[in-house]
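>>> Coordinates for the following, if possible.
(2 chains)
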Protein chains: 2
Amino acid sequence: MAGGFFEYGPAESIIRQKLLTKIRKTFEDFGFDPIETPAIERMKVLLGGEETSEKIIFQVRTTGGEAKDIKKDELALRFDLTVPLARFVAANPEIPKPFKRYQIGQVFRGESPQAGRYREFTQADIDIVGTQSLEADAEIITMIYAVFKNLGINKFTIRINNRKILNALPDFAGFPEKKLFLLLRLIDKKDKIGEKGLKKEIVKLFSKKAAEKIFAFLSVSGNKEEKLAVARDLLKNYPEAEKGIQEMVKIARLLEASGVDSSNWDIDFSMVRGLGYYTGPIFETVLNAVPSIGSVFSGGRYDNLAAVFTGEKLPAVGASLGVDRLFAALETLNLLKKKATVAKALILNLAVEWQSDYFAFAKKLREAGVNTAVYIGDDRAFQAQLAYAVKKEIPYVIIYGEEERKKGTITIKDMLKREQKEIPKNNLAQYFKK
Amino acid sequence: MAGGFFEYGPAESIIRQKLLTKIRKTFEDFGFDPIETPAIERMKVLLGGEETSEKIIFQVRTTGGEAKDIKKDELALRFDLTVPLARFVAANPEIPKPFKRYQIGQVFRGESPQAGRYREFTQADIDIVGTQSLEADAEIITMIYAVFKNLGINKFTIRINNRKILNALPDFAGFPEKKLFLLLRLIDKKDKIGEKGLKKEIVKLFSKKAAEKIFAFLSVSGNKEEKLAVARDLLKNYPEAEKGIQEMVKIARLLEASGVDSSNWDIDFSMVRGLGYYTGPIFETVLNAVPSIGSVFSGGRYDNLAAVFTGEKLPAVGASLGVDRLFAALETLNLLKKKATVAKALILNLAVEWQSDYFAFAKKLREAGVNTAVYIGDDRAFQAQLAYAVKKEIPYVIIYGEEERKKGTITIKDMLKREQKEIPKNNLAQYFKK
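Residues are numbered from 1 along each chain as shown, chains lettered A, B, ... in the order given. The predicted structure is shown next:
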């Protein structure tokens, strides 16, 4: 395995599958449908998204004589699931809108590897395409909330802001509009450079008067109502900002109606999201106990992206869950209940002539929902078989030896409780039903 | 999307997920543990497998300034899950053996695309590493059987052969050993070139006497016992072949003990498997009604592959399910029960002031296990909302309008039965429990 790539053994993979099953279920609870698009896309599709840099894209090419229809530099690995979605909806105009889809899959970025950041990682994306209604934005946020709740995570904060508010900053603070992206990029680095560092950089870049107005905006604090009131007052002469604030108020109302606990979301005017294509509400989620790991589930409204492929405006809103990052955070928080194997019972393989019995026991247990293995290692010594169960951390060992055979019983060793029980042969499946 | 790549919309993706969940469950029934390895591997790892051709491998590289630690031509996309498994077990020597693992993931091949063959496709692999016992081979075959049974497929045949028998052919028929791989490659093309074509090619390549002996072997027929008896007689002076036949007999006994229906497997001396690394039993599975689609679940014993990475022999046996090919076969056979959406109920969004009610209904239904969407499209006309449910094929529509509100009821439209029912508001979740 090359540097910057994950690798999950059984213990990690088992718990990851469990997480993904719950995430998938939550998406479907809300009526989101899955789609599957390939990891390999045309380079020109991937570069269609507004602010994509070729730098992080992995090119894909064949070296040999096969696949002559593939042109040089034509193919590449997707770096997210949003651009492929935009291509998909453009290619399938008959799909009823609003189109609510989820996709879980690997994405690839040729970045320099950092802690918790891989070059290949799993994203779980939810998007609603084809509606401008803010109910869609609220539904995405509500589903983010439901995902964490269903994963048993209660201490998280969904930070919400709105690009329409941020877009008013040049007018409001008096700096050229083309400098806005520089300001947003700076604010985006706030967690890295600290508040002091941010102030220093802003003063360097803007006039003193502009910097002061920017600080005034960034330091709006208090509870949600207070923040909204101060911001409304501050930005009252800027119609786009006012529209953004109205959207915030509406979303707040919808979140309350949807049963999203008020303590799990907040307004954060200094949360800007890196990507350039957002056009309205933006949101990101941090786990309160590990803010350093950054946002694990974030997104926003992007009403112009699909137009790159369709030629007509197709409003959309969505969010992306970084599965590996969430997994790393839960590991840090000791919230993952790992187990070494899915196997629940190991049937010892003690004599060739009784193998039909062993396989029959296995079949019966599997039918009763008990994941069961018959020992198949080369070393058939009783101790070797028991040692295997211990090393594999299989919780139950089933012994059917000469003695048990004579009596019509089975011995079950509970490896965790370190106790064993002899039961009538026919009660085997029943034993595990308790 | 470029040529030769799949794309699955909601209807395909929903049923594929169902299939994969059942497949995964069957693997776990038998105590196989999942692992996850990256799609991107080092090229030199991928070329480590004996007979791999560089031609079908997709190279991966960055074009820009990031990721300077990646050397040119260093990375590539995996073309199967077996070579990465060999690397994984070599890198993790502490894993208890036998190591029973499954992996489901995308693999990539730069081949020219053919019907039912993609350049990116999903494989579901099961392997047992670290035991020479034939119980492992029998377990893999038993699990193949269980997978089809659990998918509700009954008409399939697992064809079994043994490389040890095939390896005796040069001695038996009197041709140089180095020509064996040419013969096997020919036999492998049997389905394409027909029996007549095969004979012609063999006569072209070998002496008349050798060709006759090869035909005698290939045309061994009858039931399993007869085939074994004839082969045993034919090959009685060839110790390796005799060993292969003994292994067949043992596997037959183990399959019977494991409850594998005899009608679902057969001995087929003309089934050779393409790959060079097999060393013992080999097997493949065809769906009886669509033999043209080829083998959908195949594998065998490969005792030398891991040695490429570990330096020491690590016996292994496994099989690989071509998920896309199986999916295509089931589609051909009309065995897929597709549905257009996971959503079961759509709550009409009829008035802003009652949205808290709509969201509360949705929450209640989701908690009751009913996948529920609240309508969030821009066009709020009653007919537009109903038309959306029809187009999306959502089976139930929930109406809570002015009239219902007054009476404390809810109207539920059963879209399939084309009937509607008015129920007390509080009985909503209960309605779906029936």
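
>>> from here on, contacts and neighbour counts on C-alpha atoms
Will do.

>>> Give me the neighbour count for residue A:197.
14 (other C-alpha atoms under 10 Å in any protein chain shown).

>>> any chance you could read off phi and psi for it?
The phi and psi values for residue A:197, taken as degrees, to the nearest 10, are phi -60, psi -40.

>>> Likewise for residue A:306?
Backbone torsions of residue A:306, given as degrees, to the nearest 10, read phi -60, psi -30.

>>> Please identify the buried residues of stretch A:151-161?
Neighbour-count burial for stretch A:151-161 flags A:156, A:157, A:158, A:159, A:160, A:161 (criterion: 16 or more other C-alpha atoms under 10 Å in any protein chain shown).

>>> That one near chain B anywhere?
No: judged by C-alpha under 8 Å from any C-alpha of the partner chain, stretch A:151-161 and chain B are separated, with a smallest distance of 14.6 Å.

>>> So what would you say the end-to-end distance of that stretch is?
End-to-end distance of stretch A:151-161 (C-alpha to C-alpha, to the nearest Å): 25 Å.

>>> Give me the residues contacting that stretch.
By C-alpha atoms under 8 Å, 6 or more residues apart in numbering or on different chains, the residues outside stretch A:151-161 that reach it are A:19, A:22-23, A:141, A:145, A:148, A:248, A:263-272, A:281-289.

>>> rewinding a little: of the buried residues of stretch A:151-161, which is the nearest to residue B:175?
residue A:156 (71.7 Å; C-alpha to C-alpha).

>>> Which stretches in the stretch 201-350 of chain A count as helices?
Along the stretch 201-350 of chain A, counting by DSSP state H, counting those that start in this stretch, helices occupy A:208-218, A:224-234, A:239-257, A:307-310, A:323-332.

>>> would CSV of the ones you listed with distance to chain B, mean neighbour count and mean pLDDT be doable?
Formatted as CSV, these follow (distance: least, C-alpha to the nearest C-alpha, whole Å; neighbours: other C-alpha atoms under 10 Å in any protein chain shown; pLDDT from 0 to 100):
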stretch, distance to chain B, mean neighbour count, mean pLDDT
helix A:208-218, 32, 17, 92
helix A:224-234, 20, 16, 95
helix A:239-257, 4, 19, 96
helix A:307-310, 12, 18, 81
helix A:323-332, 12, 19, 93
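
>>> List just the one of these that sits closest to residue B:301.
helix A:323-332 (34.0 Å).

>>> what residues does the closest one touch?
For helix A:323-332, the external contacting residues (C-alpha under 8 Å, 6+ apart) are A:16, A:116, A:117, A:121, A:122, A:123, A:124, A:287, A:290, A:293, A:296, A:336.

>>> before we move on, the earlier item: select from the contacts of stretch A:151-161 every entry located in strands.
Here DSSP state E is the test, and the contacts of stretch A:151-161 give A:265, A:266, A:267, A:281, A:282, A:283, A:284, A:285, A:286, A:287 as lying in strands.

>>> ok, and the closest non-adjacent residue to the spatially most central residue of chain A?
Nearest to the mean C-alpha position of chain A, counting by C-alpha atoms, centre = their mean, stands residue A:321 at 2.5 Å. Leaving aside its sequence neighbours, residue A:321 sits nearest to residue A:297 (C-alpha to C-alpha, 6 or more residues apart in numbering or on different chains; 4.2 Å).

>>> Pull out the buried positions in stretch A:129-143.
So, applying 16+ other C-alpha under 10 Å, buried residues of stretch A:129-143: A:129-132, A:134-143.

>>> Out of the contacts of helix A:323-332, which is nearest to chain B?
Nearest to chain B among the contacts of helix A:323-332 is residue A:121, at 8.6 Å by C-alpha to the nearest C-alpha.

>>> Sitting in strands, which of the contacts of helix A:323-332 do you find?
Short answer: the contacts of helix A:323-332 in strands (DSSP E) are A:121, A:122, A:123, A:124, A:287.

>>> quick one: which of those residues is nearest to residue B:86?
Nearest member of those to residue B:86, counting by C-alpha to C-alpha, is residue A:121, at 21.9 Å.

>>> For that closest one, grab the count of nearby residues.
21.

>>> Verify the stated contact: it with residue A:107.
Yes: assessed by C-alpha atoms under 8 Å, residue A:121 is found in contact with residue A:107 at 5.5 Å.

>>> give the contact list for residue A:425.
By C-alpha under 8 Å, 6+ apart, the neighbours of residue A:425 are A:408, A:409, A:410.

>>> Dump those residues to a markdown table, plus pLDDT, secondary structure and neighbour count.
Output for the contacts of residue A:425, formatted as a markdown table (pLDDT from 0 to 100; DSSP: H, G, I helix; E, B strand; the rest coil; neighbours: other C-alpha atoms under 10 Å in any protein chain shown):
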| residue | pLDDT | secondary structure | neighbour count |
| --- | --- | --- | --- |
| A:408 | 96 | coil | 13 |
| A:409 | 97 | strand | 20 |
| A:410 | 97 | strand | 21 |
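
>>> Specify which member of those residues is nearest to residue B:244.
Using C-alpha to C-alpha, the contacts of residue A:425 come closest to residue B:244 at residue A:410, 35.3 Å.

>>> how much space is there between that closest one and residue A:326?
Taken as C-alpha to C-alpha, the span from residue A:410 to residue A:326 is 44 Å.

>>> next one: residue A:6
On the measure of C-alpha to C-alpha, residue A:6 and residue A:326 end up 14 Å apart.

>>> Just the CA atoms of stretch A:26-37, as CSV, please.
The C-alpha coordinates for stretch A:26-37 follow below in CSV (Å, rounded to 0.1, in the frame of the first residue of the first chain):
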residue,chain,number,x,y,z
THR,A,26,-31.1,7.2,7.8
PHE,A,27,-30.8,8.5,4.2
GLU,A,28,-33.6,6.0,3.1
ASP,A,29,-35.8,7.0,6.1
PHE,A,30,-36.1,10.4,4.4
GLY,A,31,-36.8,8.8,1.0
PHE,A,32,-33.4,9.5,-0.6
ASP,A,33,-32.7,7.0,-3.4
PRO,A,34,-29.2,5.6,-4.1
ILE,A,35,-27.3,5.9,-7.4
GLU,A,36,-24.0,4.5,-8.4
THR,A,37,-21.6,6.3,-10.8
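
>>> Give me the contacts around that stretch.
Residues outside stretch A:26-37 that contact it (C-alpha under 8 Å, 6+ apart): A:84, A:100-103, A:126, A:143, A:146-147, A:150, B:6-10, B:12-14, B:341-344, B:366, B:369-373.

>>> and it, what's its mean pLDDT?
Taken as a whole, stretch A:26-37 has a mean pLDDT of 98.

>>> re the thing from before, just among the ones in strands among the contacts of helix A:323-332, which is most surrounded?
Going by other C-alpha under 10 Å, residue A:287 tops the ones in strands among the contacts of helix A:323-332 with 23 neighbours.

>>> Kindly state the beta-bridge partners for that residue.
Here residue A:287 sits in beta bridges with residue A:156, going by DSSP bridges.

>>> In contact with it, which residues?
A:155, A:156, A:157, A:295, A:296, A:329.

>>> And for residue A:396?
Residue A:396 sits in contact with A:344, A:345, A:346, A:412, A:413, A:414, A:415, where contact means C-alpha under 8 Å, 6+ apart.
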